[in-house]
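K.L.:
build the 3D model from these lines:
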Amino acid sequence: MSASGPYRRRSARVLLLDRAGRILLLRFRFTPADPEPRYGWVTPGGGVRDGEPLAHAAARELHEEIGLTVTPAQLGRPVAHTAGYADLGWARGVFRDDFFHLRVDGHEVDTGRMEALERDHHAGHRWWSLDELAAAVEVVYPFGLGPLLADLRAGRRPPRPVRLPWQHDPANGSSTPPA
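P.N.:
The predicted model follows:
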């Protein structure tokens with residue numbers, strides 16, 4: 001599947017869990033130049049290149065953003081997706097994020113391969129427990145992650161991808177994450 005088609009932008013992301021069942025999230029600044037920046041958290045991943053299969057994009061993004069090398073086959077098929085309209089300033093239209101799941105014993109994050117735009121927004125990373133995720137003060141993308149993570153931690157993979165709430169819905173007061 002390519003980035004083209006009905007979507008303005010397609011993203012492939014990974015729900016990366018460690019041996020303890022914690023999820024890795026990357027902290028980002030909504031607007032890097034803002035003197036009083038706001039922050040949020042997002043799963044590793046990013047844009048799918050034209051003609052690039054989703055699992056290949058997810059594997060590439062893991063390597064670029066956190067220094068983890070995996071094969072597309074290790075990621076399998078997506079376990080969740082979210083889609084909807086967004087106006088990000090630099091792009092406007094219908095966006096879709098597909099989420100893969102991967103479990104690792106552990107991983108030391110290496111952000112040295114991030115692209116310039118990613119580095120501009122990047123503000124750290126951490127492994128989160130489900131309890132910490134439920135108590136998060138800053139926004140966490142994607143929305144509705146808790147129940148899916150509980151199932152994945154317990155070894156229950158959904159028979160088909162779960163639809164998560166769209167994170168850019170102005171009605172829910174959400175803000176726009178970086179590219």
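
K.L.:
ok, the spatially most central residue of the chain to Arg9 distance?
P.N.:
Computing the C-alpha centroid of the chain and ranking residues by CA atoms, centre = their mean puts Thr43 first, at 3.0 Å. Noted for Thr43: a distance of 16 Å to Arg9, by CB to CB, to the nearest Å. Glycine gets a C-beta too; all of them are placed from N, C-alpha and C.

K.L.:
which residue lies farthest from the center of this protein?
P.N.:
Max distance from the centre of the chain (CA atoms, centre = their mean): Pro35, 25.6 Å.

K.L.:
now do the strands in this protein.
P.N.:
9-17, 23-29, 39-42, 45-47, 80-87, 92-103, 122-128, 139-141, 162-163 (DSSP state E).

K.L.:
which stretches of this protein have low pLDDT?
P.N.:
1-5, 88-90, 123, 168-179 (pLDDT under 70).

K.L.:
if we can go back for a sec, closest to Asp110 out of the strands of the chain?
P.N.:
strand 122-128 (10.3 Å; CB to CB).

K.L.:
what about Asp131, how many neighbours?
P.N.:
For Asp131, the neighbour count with other CB atoms under 10 Å is 8.

K.L.:
how far away is the residue farthest from the centre of the chain from Arg27?
P.N.:
Using CB to CB, Pro35 is found at 18 Å from Arg27.

K.L.:
next one: Tyr85
P.N.:
Taken as CB to CB, the span from Tyr85 to Arg27 is 26 Å.

K.L.:
how close does Leu24 sit to Pro53?
P.N.:
According to CB to CB, Leu24 and Pro53 sit 23 Å apart.

K.L.:
so between those two, which is more surrounded?
P.N.:
Remark: of Leu24 and Pro53, Leu24 carries more neighbours, 24 against 14, as counted by other CB under 10 Å.

K.L.:
who's in contact with that one?
P.N.:
16-18, 43-44, 66, 107, 109, 125-128 (CB atoms under 8 Å, 6 or more residues apart in numbering).

K.L.:
just give me the neighbour total for the closest residue to Gly45 other than its chain neighbours.
P.N.:
Spatial nearest neighbour of Gly45, excluding adjacent residues (CB to CB, 6 or more residues apart in numbering): Arg13 at 2.9 Å. If you count neighbours by other CB under 10 Å, Arg13 ends up with 26.

K.L.:
so Arg13 makes contact with Arg96?
P.N.:
No - using CB atoms under 8 Å as the test, Arg13 is too far from Arg96 to be in contact (10.8 Å).

K.L.:
now do the longest helix anywhere in the chain: which elements does it pack against?
P.N.:
Using DSSP state H, we find that the single longest helix of the chain is helix 54-66. Helix 54-66 sits against strand 9-17, strand 23-29, strand 45-47, helix 72-75, strand 92-103, with contacts defined as 3 or more CB pairs under 8 Å, 6 or more residues apart in numbering; DSSP states H and E.
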